[in-house]
Each structure stands twice: as C-alpha cells, then as structure tokens.
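*Asks:* just coords:
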C-alpha cells in the first residue's frame, strides 16, 4: 500500500504530546472529568491551539490552527460511538480557550435541537439545519471569506455533523464544500466532519480529502481496516461514547473527550 493510502496522520503541528507508552494501554478510569477541570489543569495551552481531547498520559491533544498540514478532520465511528459528543466538546473548548475575534465556529446538523445549548455563545457563528437554504449560503460565504483571506488571524471551525447528509444539498454546495476541504485549512477555515463508519464505503471519493482521521468505536474489523489503511487495525476495544484514537506516525494515540459542563 502506498504512502498516500496509509493515512498516517501528519500532526507535526500538535503540541504537548508525549511519545512514550501511548499505544494500546488499557483505560481504567470509569468516569469522565469535566472539560473545565481538564483545561484548568492543563497549564498554558498555546493561543493558536484547538483542544481535541485528553490523552491517556494526561496531556492534551492539540491542533495548531496556524498550520494547515493536517488538513480537514474526519470524526468517524459506529453510530452512537460519541462522534457528535466529541464535536460538541471541541466547540465548547473553543469557547473556553479563544475569544470570538480569534476563533468562531458554525454548526451544520440534521438535529439542530441537540445544539441549542450553544446558540447564545458569542463564539458560535450559527447553527444551520442541513436542508435549510441558509446552509448553502454559509458554505458560499465561507468559501468567499477563505478565498479572500490573505492573513486574517481569525480561524473558523466548520463543524458538520454527518458528511452523508450535507453532500445531498446540490452541485453548488458540493463545489463549495470540496473547495473548503482542499483549501480551507490554509485559509483558516477548518472543516471538522462526522461520518458513520458503515457508510464510508459509499463515500470513497470524499474520504480522500481527509488524511487526518479521529476514530471512535468501530465493531467490524473490516470497516476499521478500510478506514485506517492498517491491515491490523482493531477499534472495537474503544469505549463507546467517550474514547477515541488517531494515528501518530506508526503508533496509535488513544484519547478521551471530557464531559462538557
């Protein structure tokens, strides 16, 4: 298998990650710490970092919003594996760590009621139902903003809950989304998108946009192998609803999503 299909995550821009004893360690902590307590105990997190979770060694998993190398992020796993919860945690962490002039997020979802607790946040640029015409306008606006962005310090997170739904919006929406997946991170627009793992086979062309993939529990080994590009991958040991993993070079990094307050 060639290097372009191995899906080794190119996370040189992650900060604060320890390298030893991270792969395949059992998780013994039964409960989830709160996000506020985790961030409060994490020390100084770089101003350009996006918090993605807490590794087993207690260190934060961070994405440098000023380095486009990782590209758009795919959150995938079985249904009810915690993908939406992780997306919400990322949004809440952005609120805690960044002022709106530096980071904002927009949410596209088939279930806007699930996101109502976020609607009054100044960091939230809007909650968009998938089939609403405003969602097409959002994608167009973000593409235009990103295209014209020549150094703006603000970053925008495009949080899409279910890739399969948004690609049904039509040709113009699909064109804008493809452009944002290709060019967005280099222009400070970061698509972070969920997908049910069992639907990945129907969306192979879209998967090629995502070299950075965060995995939740996947029960079927053949699906895990197809999504990871690892013939030995097994993801059915991950705790449903809270535990995730990602490739870090040739190793696997497990992490958990703290509970939002």
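*Replies:* Ah, there it is. Keep in mind that what you see is a predicted model, and the values were worked out from it rather than measured.

*Asks:* so residue 240 versus residue 247, what's the distance?
*Replies:* 20 Å (Cβ to Cβ, to the nearest Å). For every residue, glycine as well, the C-beta is placed using N, CA and C.

*Asks:* what's the answer for residue 259, then?
*Replies:* Taken as Cβ to Cβ, the span from residue 259 to residue 247 is 25 Å.

*Asks:* so between those two, which is more surrounded?
*Replies:* Neighbour count, other Cβ atoms under 10 Å: between residue 259 and residue 247, residue 247 has more, with 23 against 17.

*Asks:* mind checking the SS state of the more buried one?
*Replies:* Classification of residue 247 using DSSP: H, G, I helix; E, B strand; the rest coil returns strand.

*Asks:* start the count at 23 instead of 1 going forward.
*Replies:* Let's use 23 as the start, then, which means that last one is residue 269.

*Asks:* which pLDDT value belongs to it?
*Replies:* What the model reports as pLDDT for residue 269 is 89.

*Asks:* surely it meets residue 257?
*Replies:* No. Applying Cβ atoms under 8 Å, one finds residue 269 not in contact with residue 257, separated by 11.5 Å.

*Asks:* spit out the residues that contact these two alike.
*Replies:* Residues within reach of residue 269 and of residue 257 at once, by Cβ atoms under 8 Å, 6 or more residues apart in numbering, are residue 250.

*Asks:* ranges for the helices of the stretch 23-172 of the chain?
*Replies:* Counting by DSSP state H, counting those that start in this stretch, the stretch 23-172 of the chain has helices at residues 57-62, 105-119, 155-170.

*Asks:* now the last one: mean pLDDT?
*Replies:* What helix 155-170 shows for mean pLDDT is 94.

*Asks:* which elements pack onto the helix or strand following it?
*Replies:* For helix 155-170, the following helix or strand on the C-terminal side (DSSP states H and E) is strand 177-183. Counting contacts by 3 or more Cβ pairs under 8 Å, 6 or more residues apart in numbering; DSSP states H and E, strand 177-183 packs against helix 105-119, strand 125-131, helix 155-170, strand 211-218.

*Asks:* looking at these, spot the one closest to residue 193.
*Replies:* helix 155-170 (10.5 Å; Cβ to Cβ).
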